[in-house]
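Enquirer: Give me the fold of what follows.
(chains A and B)
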Number of protein chains: 2
Amino acid sequence: MRLAFLGFGNVGRRFAELLGGPYGEVLRARGEKVRVTGIATGRHGLAIDPRGLDLGACLARVGRGESLDALHRGRPVPKGAFLDRVPADVLFEITPLDPRRGEPATAHCRKALSLGLHVVTANKGPVAFAYRSLRGLAERKGVSFRHEGAVMDGVPVFNLVERCLPGNRIHAFRGTLNSTTSHVLSRLAEGWTLSRAVAEAKRLGIAEADPSNDLDGWDAAVKGCALANVLMGGSVRPSEVRRRGISGLLPARVRRDARQGFRWRLVVEGRRRGRKIAVRVFPARLPAGDPLAGSGGDAALLLETSLVGTIGVLEGGGTIDQTAYALFSDLLAIQDLLREGVRRAS
Amino acid sequence: MRLAFLGFGNVGRRFAELLGGPYGEVLRARGEKVRVTGIATGRHGLAIDPRGLDLGACLARVGRGESLDALHRGRPVPKGAFLDRVPADVLFEITPLDPRRGEPATAHCRKALSLGLHVVTANKGPVAFAYRSLRGLAERKGVSFRHEGAVMDGVPVFNLVERCLPGNRIHAFRGTLNSTTSHVLSRLAEGWTLSRAVAEAKRLGIAEADPSNDLDGWDAAVKGCALANVLMGGSVRPSEVRRRGISGLLPARVRRDARQGFRWRLVVEGRRRGRKIAVRVFPARLPAGDPLAGSGGDAALLLETSLVGTIGVLEGGGTIDQTAYALFSDLLAIQDLLREGVRRAS
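Expert: Residues are numbered from 1 along each chain as shown, chains lettered A, B, ... in the order given. The predicted model follows:
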């Protein structure tokens, strides 16, 4: 199985490192062989090698700030032609996302699917903005479109419902899915100012350089749409989400409520209303013990199901390794489906 | 696919009701047909009908306190010969359990597997006391042994690890899995006495008539062994668990800690220690926001994994419907495996 990476930032590099370690061991134990035949980066050039790139060499070059171009085999490939030219079975779409438009990730996914590649993305954009059309395209092309990393990193959310809750309809969900606001609200409860808490979140790498997408609830809205569209069969766009961020929340109030045993969290909720699905994002005052009121940056999601009541999943931490695992579990799922398909066809 | 029930208490009856409703719809949508060819009860006789029993009639008779014997076809079957005589593919083992010995559930599972039946149980006993031997027997016979309901009812725990966390080793787990103690400790925090809280738990059907197995941590220990043996490849017996219950806990202390934002919970923990797995049960004082410090009778389980960090699952409520779904999801899993097997063989 030939893999191509579009984007080679922290997640892609960690995935590549782990392919050389524990992921490789798991693949060997399953009797699977993979090679990476192409990597296209934003700032470190690109390389295609049909015989398989040396990932250690790729990681070393990018680590030293050098270009991958030197590892390329064959005639030069302009960046825009990477997908047309890379000889691959699976594309890992892991470019930086513009969360306001869901691009360029959505365009990358669409092009790769139309070329007949399986697509794995850790980006929430394609799932929030274009799930139905991408899924339809994948079905017509007979390939997979997988996106476990779009919500809660590698914690199984989409796979959980697909593989472990057969027969259930999801009536509603409720989650704390944005780690910046959870972290900031925990700090406000301790008496910090908003600006100091945000500065710390940036320094720890929890928040982006511009954290406004987190603070105003846009990130949570995009994730809410991803959940509504995949788990509940909706077609909700982020612009349709009723959204209130945490900036209007008074730090003194957060602190006072904390002393009385309440925690504030930015909650995203999806619920069926007749034939439509309403998604909203809002700051909520939660009693201690509410599963969504977990500590620090932990993420939590509750699902109301038709057959098995309310069940929840939690992510402790939220590290780059957890996002890398999302890509890996999607790769394994594609291999499972291909094996089943071969069996079915034989 | 022919199903037989050994035991027909609350869980079995709810499962039978749902087979006639939403479960039946799911099965029809999947193109599966099932019929129940035998039911053996503790106090309402037994009935075998190779053409399929009328579940509505069975439920009505048992609901009126009448025996199922009147619905039996063919020559009489002594109770001990039910498994030998019932023409079935899958046995649902849902008899009342003696949690101190894991019987008679374990013997029922062993006999059914040795007769070549797939076995589904909602009893924790067989998994805690005899997992390795039952699993080995199932493998030799080419059938399935499934037990999702043994821990956290229908919330996917065993299926989650098997189907959604491929490649991961479980290093440790930590959970609040006994709803009686969670309920009682929540009441102690509110200032109730132990005896009043226990009486309420009995009245609500959360606790058994004799709640000592809950209060002294035995129930949690049995569940901890089930997790250690299945998820971590251990072979720990409940008698080997280091176990402390909640009876020694001073209600005044629980109340005082609650005012300071701490909650007491009975925690079960499993952890690798060299080549062994140590399981222990103990009352723990948890900070508000700890995922195990959820409200009321909610159950929670955290898994420390090798590849995807710490992830958790939660069960809201804990109703009979959730236990029934455990049986149903195991049935669907058996059907999936059979389809795959047919494909592999063809």
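Enquirer: drop to CA atoms for contacts and neighbour counts, all remaining ones
Expert: Fine.
Enquirer: got the angle between the helix ranked longest in chain A and helix B:320-345?
Expert: Taking DSSP state H as the criterion, chain A has its longest helix at helix A:320-345. For helix A:320-345 against helix B:320-345, the angle by axes from the mean of the first three to the mean of the last three CA atoms, to 10 degrees is 60 degrees.
Enquirer: And helix A:320-345, what's buried?
Expert: Neighbour counts using 16 or more other CA atoms under 10 Å in any protein chain shown place A:320-334, A:340, A:343 of helix A:320-345 among the buried residues.
Enquirer: what's the answer for stretch A:25-34, then?
Expert: Result for stretch A:25-34 [16+ other CA under 10 Å]: buried residues A:26-27.
Enquirer: got it, and stretch A:93-103?
Expert: In stretch A:93-103, counting by 16+ other CA under 10 Å, buried: A:93-97, A:99, A:102-103.
Enquirer: For that stretch, the averaged confidence score.
Expert: Per-residue pLDDT over stretch A:93-103 has a mean of 90.
Enquirer: now stretch A:299-318
Expert: 93.
Enquirer: okay, it in CSV with CA atoms only?
Expert: Taking C-alpha atoms only, stretch A:299-318 is exported to CSV below (Å, rounded to 0.1, in the frame of the first residue of the first chain):
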residue,chain,number,x,y,z
ALA,A,299,-12.2,16.9,25.8
ALA,A,300,-15.5,15.1,26.4
LEU,A,301,-18.4,14.1,24.2
LEU,A,302,-21.8,12.7,25.2
LEU,A,303,-24.0,10.9,22.7
GLU,A,304,-27.8,10.4,23.2
THR,A,305,-28.6,7.2,21.4
SER,A,306,-31.8,5.4,20.4
LEU,A,307,-30.9,2.0,21.9
VAL,A,308,-28.2,2.3,24.5
GLY,A,309,-29.0,5.6,26.3
THR,A,310,-26.4,8.2,27.0
ILE,A,311,-22.8,7.2,26.5
GLY,A,312,-19.7,9.4,26.5
VAL,A,313,-16.1,9.4,25.4
LEU,A,314,-13.2,11.3,27.0
GLU,A,315,-9.8,12.4,25.8
GLY,A,316,-7.1,13.0,28.4
GLY,A,317,-4.5,15.4,27.4
GLY,A,318,-4.7,16.0,23.6
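Enquirer: which residues sit against that stretch?
Expert: A:152-153, A:155, A:157, A:167-179, A:291-292, A:294, A:297-298, B:154-155, B:309-317, B:321-322, B:325 (CA atoms under 8 Å, 6 or more residues apart in numbering or on different chains).
Enquirer: Need phi/psi at A:Trp264.
Expert: phi -90, psi 140 (degrees, to the nearest 10).
Enquirer: wouldn't it be in contact with A:Ala284 here?
Expert: Yes - with contact defined as CA atoms under 8 Å, A:Trp264 counts as touching A:Ala284 (5.4 Å).
Enquirer: Those two: which is more packed in?
Expert: Ranked by neighbour count (other CA atoms under 10 Å in any protein chain shown), A:Trp264 and A:Ala284 place A:Trp264 first, with 26 against 16.
Enquirer: For the closest residue to A:Val184 other than its chain neighbours, give me phi and psi.
Expert: Nearest residue to A:Val184, sequence neighbours excluded (CA to CA, 6 or more residues apart in numbering or on different chains): A:Ala197, at 5.2 Å. The phi/psi pair for A:Ala197 (degrees, to the nearest 10) reads phi -60, psi -40.
Enquirer: And A:Ala207, by the same measure?
Expert: Residue torsions, per degrees, to the nearest 10, at A:Ala207 are phi -100, psi 150.
Enquirer: quick one, what contacts it?
Expert: A:179-180, A:198, A:201, A:214.
Enquirer: With A:Val26 instead?
Expert: Going by CA under 8 Å, 6+ apart, the list of residues near A:Val26 reads B:Gly167.
Enquirer: which SS state does it fall under?
Expert: When classified by DSSP: H, G, I helix; E, B strand; the rest coil, A:Val26 comes out as helix.
Enquirer: And it, how far from A:Ala4?
Expert: 19 Å (CA to CA, to the nearest Å).
Enquirer: Need the three-state assignment for the closest residue to chain B within the stretch 101-250 of chain A.
Expert: Of the residues in the stretch 101-250 of chain A, the one nearest chain B is A:Gly167, at a distance of 5.6 Å by CA to the nearest CA. Look at A:Gly167: counting by three-state DSSP, its state is coil.
Enquirer: For it, which non-adjacent residue is spatially closest?
Expert: B:Val26 (5.6 Å).
Enquirer: The residue nearest to A:Val184 and A:Thr180 touch, don't they?
Expert: No - using CA under 8 Å, A:Ala197 makes no contact with A:Thr180, being 9.4 Å away.
Enquirer: got the residues of chain A near chain B?
Expert: A:23, A:26, A:154-156, A:159-160, A:163-167, A:261, A:288-291, A:293-295, A:307-317, A:321-322, A:325, A:329, A:332, A:340, A:343-344, A:346 (CA under 8 Å from any CA of the partner chain).
Enquirer: of those, buried ones?
Expert: The buried subset of the residues of chain A next to chain B - by 16+ other CA under 10 Å - is A:23, A:26, A:154-156, A:159-160, A:163-167, A:261, A:288-291, A:293-295, A:307-317, A:321-322, A:325, A:329, A:332, A:340, A:343.
Enquirer: Among these, which ones are in helices?
Expert: A:23, A:26, A:159-160, A:163-164, A:321-322, A:325, A:329, A:332, A:340, A:343.
Enquirer: As CSV, these with pLDDT would be great.
Expert: Putting these into CSV (pLDDT from 0 to 100) gives the following:
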residue, pLDDT
A:Tyr23, 97
A:Val26, 96
A:Asn159, 95
A:Leu160, 96
A:Arg163, 92
A:Cys164, 95
A:Asp321, 93
A:Gln322, 93
A:Tyr325, 97
A:Ser329, 96
A:Leu332, 96
A:Glu340, 78
A:Arg343, 56
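Enquirer: Farthest pair within the residues you listed?
Expert: A:Asp321 and A:Arg343 (32.9 Å; CA to CA).
Enquirer: Assess the claim that A:Gln322 and A:Pro156 are in contact.
Expert: No - counting by CA under 8 Å, A:Gln322 stays clear of A:Pro156, with 10.4 Å between them.
Enquirer: Counting neighbours, go ahead and name the busier of A:Ala197 and A:Thr180.
Expert: A:Thr180 (26 against 20).
Enquirer: got the contact list for that one?
Expert: A:198, A:201, A:206-207, A:211, A:214-215, A:297.
Enquirer: between the buried residues of stretch A:93-103, which is nearest chain B?
Expert: Of these, the one sitting nearest to chain B (CA to the nearest CA) turns out to be A:Ile94, at 18.2 Å.
Enquirer: Over to that closest one: give its phi and psi.
Expert: phi -140, psi 40.
Enquirer: ok, the closest residue to it other than its chain neighbours to B:Leu338 distance?
Expert: In space, and not counting its chain neighbours, A:Ile94 is closest to A:Gly7: 5.0 Å by CA to CA, 6+ apart. Distance of A:Gly7 to B:Leu338, given as CA to CA: 40 Å.
Enquirer: can you check A:Gly80 too?
Expert: 46 Å.
Enquirer: A:Val267 now?
Expert: Applying CA to CA to A:Val267 and B:Leu338 gives a distance of 41 Å.
Enquirer: what ranges do the strands span in the stretch 101-250 of chain A?
Expert: A:118-121, A:145-146, A:170-176, A:242-243 (DSSP state E, counting those that start in this stretch).
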